[in-house]
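> Quick check, what structure comes out for this input:
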Amino acid sequence: MTDINVICLTDASDIAFSNIAQKSTVTGATLPSGFNVPTHGIWKIIDKYLINVDYLINNQHTPN
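Next up, the predicted model:
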């Protein structure tokens, strides 16, 4: 199984929704296109992307 932690929105209705829902948590939501946002993690809308911020927070690499 491949972990996907960034999803680019391509449907026009989803992009229009993302313009008014910036930084909103959308975990488990159904977008206007009918796309179901995953239920694992904490998914937020940033620009025209869905970002699993839970993955980013818990998988930070510290520089050597």
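
> When you work out contacts or count neighbours from here on, use the C-alpha atoms and nothing else.
OK.

> give the contact list for the residue minimising distance to the centre of the chain.
Nearest residue to the geometric centre of the chain (C-alpha atoms, centre = their mean): residue 50, 2.0 Å. By C-alpha atoms under 8 Å, 6 or more residues apart in numbering, residue 50 lies in contact with 5, 6, 7, 8, 9, 43, 44.

> isn't the fourth one right up against residue 48?
Yep, that's residue 8 we're talking about. Yes: at 6.2 Å, residue 8 counts as touching residue 48 under the criterion of C-alpha atoms under 8 Å.

> So for those two, which residue has more residues nearby?
residue 48 (18 against 13; other C-alpha atoms under 10 Å).

> beta partners of the residue nearest to the centre of the chain?
Per DSSP bridges, the residues bridged to residue 50 are residue 7, residue 45.

> Next, work out how far apart it and residue 23 are.
Relative to residue 23, residue 50 is positioned 9 Å away (C-alpha to C-alpha, to the nearest Å).
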